[in-house]
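1. got a predicted model here, sequence first, then my questions.
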Amino acid sequence: MIKKIAVLLLALSFLFSLPQARATAPEPVRARHGMVASVSAIASQVGVDIMKRGGNAIDAAVAVALALAVTWPSAGNLGGGGFMVIRQANGDAEIIDYRERAPLASSRDMYLDQDGNVIKDASTVGYRAAGVPGTVAGAYLAHQRHGKLPWAVVVEPARRLAAEGFAINLHLARSLRGTAKTLAQFPDSKRIFLRGGKFYQEGERFVQPELAATLARLQKNWRDFYTGKTAHLIAADMKANGGLVTLNDLQEYQATIRKPLRGSYRGYEILTMPPPSSGGAHLIQMLNMLEHYDLNQMPFNASDHLHLLTEVMKRAFADRAEYMGDADFVKVPVAGIISKKYADELVKTIDMQHATPSASIKAGVPTTYEPTETTHFTVIDKAGNVVSNTYTLNGSYGCGATAKGTGVLLNNEMDDFTAKVGVPNMFGLLQSEKNAIAPRKRPLSAMTPTIILQDGKVYFAVGSPGGPTIINTVLQVIVNVIDYGMNLQQAIDAPRIHHQWMPDEIRFEPFGLNADTRKELERRGHLFHKRAGDSGATEETGSVIGDAQGVMVESATGIRLGASDSRRGGKAIGY
Ligand code: DON
């Protein structure tokens with residue numbers, strides 16, 4: 001009898017342990033009311049707390065953006081810019097474009113020497129690399145149009161984090177140390193972020209009194225950044241260090257409201273970012289091409305799947321290099337690029353057995369012209385308002401300089417312009433005359449904050465940092481969910497590839513590509529980015545691709561799902 005009971009117990013315990021043993025998939029975070037996914041657990045919590053106090057997703061997004069400027073200074077910012085895609089619960093959607101603008105004193109050839117060659121580091125390091133920052137104007141505009149809580153309340157968590165400090169996590173400690181060479185060139189940056197050379201360790205408290213004082217001024221009046229004490233401090237420091245941004249530039253900066261770019265993929269509706277980002281147009285263009293194939297019949301991460309993705313990426317990035325720029329200044333054929341008819345033509349050139357060398361891919365002819373270290377976070381509230389926001393200083397810690405007396409790191413977004421046609425920028429991107437520098441113009445971006453709808457309701461929202469890899473990261477997350485049926489966490493964590501037409505090479509993540517698959521892709525003619533150990537390998541060899549942050553609505557229950565990329569230590573938090 002005892003033996004029988006023992007066997008029964010054993011069988012039962014086996015049965016109960018089964019679901020656990022089978023649960024191999026990482027699951028998104030689940031919550032009933034609201035969710036924030038960002039690269040910083042502290043910032044995600046700030047967003048949740050704002051919603052618990054009665055704020056909506058826009059209040060939370062603004063609070064998260066300001067908090068990230070404190071807790072994730074490599075990309076979170078006051079001195080940079082970005083894009084916020086907002087879809088309200090009533091179905092209205094709009095974008096706050098708070099991208100940096102070129103200063104009034106900027107000019108087409110400002111980064112070239114007398115012989116017409118690009119001056120090394122001129123558009124990436126130091127004050128001359130900075131565009132006019134847009135983040136504070138964007139945050140205020142979003143809040144003014146949609147926020148529920150008082151402005152001072154949404155600014156307060158960031159001010160407090162800067163004043164009282166927070167514990168540095170492993171990722172921030174690493175990133176500060178990793179950028180020491182650039183930051184050390186600028187006295188305020190060296191003192192604040194490198195503690196004069198005594199690097200912050202994981203777990204140590206990081207207090208930023210000047211930034212707290214700046215945030216306190218903005219809390220009283222956001223215009224302080226553009227016309228008040230902060231503006232004067234920035235302009236004076238710029239002048240003292242050869243920067244171009246003047247008080248006049250700051251005073252006339254304005255964030256802009258845009259309509260989202262719309263596309264569709266296998267019946268799902270895509271809301272995403274129009275120019276001055278190239279991201280949304282090329283995302284839709286690539287999805288349009290992929291729609292011609294039964295992707296879900298191609299095993300995940302196997303050669304056909306990766307071959308097809310690569311071919312699609314090359315064609316989109318060839319167009320990017322030819323056609324893209326700030327559509328407020330130059331004609332950009334967005335409608336043509338995102339048209340299904342154009343994709344029908346492009347896919348005719350794809351050979352599933354042979355890679356098309358990039359050199360033989362010229363930009364297509366999308367005829368319809370329109371009439372005239374980044375971070376992403378995503379928020380959903382209990383009413384169903386959604387915010388998908390990507391913003392940046394461009395490079396990690398921007399141009400490296402902190403405007404004296406403000407604690408505000410300045411961007412190096414000017415490098416996103418074409419310094420010289422035919423010369424790649426810091427992301428290796430070739431860009432055309434359309435993206436040439438001109439006063440007030442916005443540099444071309446790849447940022448792709450996106451929202452996906454199903455039957456007119458929010459299905460999920462996602463975005464990522466990573467320069468040009470952003471567009472391909474968002475593409476792969478969408479395909480992973482829609483074609484491969486992955487849950488949002490799996491879709492975000494799955495290994496990714498990247499191809500940007502030029503250089504003609506596939507980039508892949510450490511342990512992200514099976515050696516047999518690589519061999520098969522090489523047989524088809526694909527070339528690969530050099531890896532650690534290969535001769536000629538570069539510093540960034542072996543780095544991960546992107547850092548996606550997403551939220552989703554479980555259609556059967558309305559439960560909010562959150563997924564933060566496992567690549568950079570972020571966190572999704574709900575309530
Ligand atoms: O706007 C862009 O496309 C770039 N400035 C983004 C830079 C970026 O994502 C760097 N982050 N890893």
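-> Yep, that arrived.

2. show me which residues of the stretch 351-500 of the chain sit near the ligand.
-> Contact residues (CB under 6 Å from any ligand atom) of the stretch 351-500 of the chain with the ligand: 373-374, 392, 394, 413, 416, 445-447, 465-467, 470. Bear in mind the C-beta positions are built from the backbone N, C-alpha and C, glycine included.

3. which one of the residues you listed is nearest Ala105?
-> Among those, Glu413 lies closest to Ala105 (CB to CB), at 15.6 Å.

4. related to what we said a few turns ago, and the residues of the stretch 351-500 of the chain next to the ligand, which two are furthest apart?
-> The span of those, defined through CB to CB, is set by Glu413 and Gly466 at 15.4 Å.

5. and these two? Which one has more around it.
-> Legend: neighbour count by other CB atoms under 10 Å for Glu413 and Gly466, higher for Glu413 (31 against 27).

6. please enumerate the strands of the stretch 101-250 of the chain.
-> Residue ranges of the strands in the stretch 101-250 of the chain, as given by DSSP state E, counting those that start in this stretch, are 166-167, 205-206.

7. quick one: closest of these to Gly512.
-> Closest of the strands of the stretch 101-250 of the chain to Gly512 is strand 166-167, at 31.1 Å (criterion: CB to CB).

8. for the stretch 351-500 of the chain, just list every one of the strands.
-> Applying DSSP E, counting those that start in this stretch to the stretch 351-500 of the chain gives strands spanning 375-380, 386-392, 402-403, 408-409, 450-454, 457-463, 497-498.

9. most tightly surrounded among those strands?
-> Highest mean neighbour count among those (mean count of other CB atoms under 10 Å): strand 375-380, with a mean of 33.

10. in its sheet, what does it sit against?
-> Under the criterion DSSP bridges, strand 375-380 sits next to strand 35-38 (antiparallel), strand 386-392 (antiparallel) in its sheet.

11. and those strands as JSON lines, adding mean pLDDT?
-> Formatted as JSON lines, these follow (pLDDT from 0 to 100):
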{"stretch": "strand 35-38", "mean pLDDT": "98"}
{"stretch": "strand 386-392", "mean pLDDT": "98"}
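
12. reformat those strands as JSON lines; add distance to Ala67.
-> Output for the strands paired with strand 375-380, formatted as JSON lines (distance: least, CB to CB, whole Å):
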{"stretch": "strand 35-38", "distance to Ala67": "9"}
{"stretch": "strand 386-392", "distance to Ala67": "12"}
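
13. and Ile95, what helix or strand is that in?
-> strand 93-97 (DSSP states H and E).

14. one more: Ala318?
-> Assigned by DSSP H and E, Ala318 belongs to helix 303-323.

15. so who does Cys424 touch?
-> Cys isn't right for residue 424; it's Pro. 430, 502 (CB atoms under 8 Å, 6 or more residues apart in numbering).

16. let me fix that, I meant to ask about Ala446.
-> The neighbourhood of Ala446, defined by CB under 8 Å, 6+ apart, consists of 277-279, 427, 467-468, 470-471.

17. and of those residues, the nearest to the ligand?
-> Gly467 (4.4 Å; CB to the nearest ligand atom).

18. I'd say that closest one and Thr374 touch.
-> Yes. If you go by CB atoms under 8 Å, Gly467 and Thr374 touch, sitting 7.4 Å apart.

19. if you count surrounding residues, which of the two has more?
-> Thr374 (28 against 23).

20. who's in contact with the spatially closest residue to His499 that is not a sequence neighbour?
-> Distances taken as CB to CB, 6 or more residues apart in numbering put Met313 closest to His499, at 4.2 Å, once the chain neighbours are dropped. Contacts for Met313 were tallied using CB under 8 Å, 6+ apart; they are 286, 472, 475, 498-501.

21. out of those residues, who has the most neighbours?
-> Asn472 (31 neighbours).

22. could you find the closest non-adjacent residue to that one?
-> Distance criterion CB to CB, 6+ apart; nearest residue to Asn472, sequence neighbours excluded, is His498 at 4.9 Å.

23. farthest pair within the contacts of Met313?
-> By the measure CB to CB, the contacts of Met313 have their two most distant members at Leu475 and Trp501, which lie 14.4 Å apart.

24. contacts for stretch 562-571?
-> So stretch 562-571 is contacted by 26, 28-31, 35-41, 44, 169-171, 378, 464, 487-489, 491-493, 544, 546-552, 572-574 (CB under 8 Å, 6+ apart).

25. quick one, phi/psi of the residue most central in space within the chain?
-> The residue lying closest to the centre of the chain (CA atoms, centre = their mean) is Pro465, at 2.9 Å. Per-residue torsions, Pro465: phi -90, psi -180 (degrees, to the nearest 10).

26. so what's it up against?
-> Applying CB under 8 Å, 6+ apart, one finds that Pro465 lies in contact with 75, 373-376, 390, 392, 546-547.

27. single out whichever of the residues you listed has the smallest pLDDT.
-> Within the contacts of Pro465, pLDDT reaches its minimum at Glu373, with 82.

28. so what's it closest to, chain neighbours aside?
-> With sequence-adjacent residues excluded and distances taken as CB to CB, 6+ apart, Glu373 is closest to Ser396, at 3.4 Å.

29. returning to that earlier point: the strand holding Ile95 pairs with which strands, and in what direction?
-> Strand 93-97 pairs in its sheet with strand 81-87 (antiparallel), strand 256-258 (antiparallel), by DSSP bridges.

30. quick check: angle from the following helix or strand past the last one to strand 93-97?
-> Which is strand 256-258. Note on strand 256-258: by DSSP H and E, the next helix or strand toward the C-terminus is strand 261-265. Angle, strand 261-265 to strand 93-97, by axes from the mean of the first three to the mean of the last three CA atoms, to 10 degrees: 130 degrees.

31. what helices or strands is strand 261-265 leaning on?
-> Using 3 or more CB pairs under 8 Å, 6 or more residues apart in numbering; DSSP states H and E, the elements in contact with strand 261-265 are strand 268-272, helix 279-290.

32. deepest of these, which one?
-> helix 279-290 (a mean of 27).

33. show me what that helix is packed against.
-> strand 261-265, strand 268-272, helix 303-323, helix 334-337, helix 340-347, helix 469-482.

34. contacting residues for the residue nearest to Phe300 when sequence neighbours are not counted?
-> Nearest residue to Phe300, sequence neighbours excluded (CB to CB, 6+ apart): Tyr484, at 5.4 Å. Applying CB under 8 Å, 6+ apart to Tyr484 gives the contacts 295-296, 300, 491.

35. looking at neighbours, which among those is most surrounded?
-> Using other CB under 10 Å as the neighbour criterion, Ala491 leads the contacts of Tyr484 with 24 neighbours.

36. verify the stated contact: that one with Asp483.
-> No. Contact between Ala491 and Asp483 fails when scored by CB under 8 Å: they sit 10.1 Å apart.

37. show me where the stretch 401-550 of the chain has helices.
-> Applying DSSP state H, counting those that start in this stretch to the stretch 401-550 of the chain gives helices spanning 469-482, 488-493, 515-523.

38. with mean pLDDT as new columns, can those be given to me in a markdown table?
-> Listed next are these as a markdown table, based on pLDDT from 0 to 100:
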| stretch | mean pLDDT |
| --- | --- |
| helix 469-482 | 98 |
| helix 488-493 | 98 |
| helix 515-523 | 96 |
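
39. how about the ones you listed in CSV, adding distance to Asp115?
-> Shown next, in CSV, are these (distance: least, CB to CB, whole Å):
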stretch, distance to Asp115
helix 469-482, 33
helix 488-493, 46
helix 515-523, 40
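
40. alright, that wraps it up for me.
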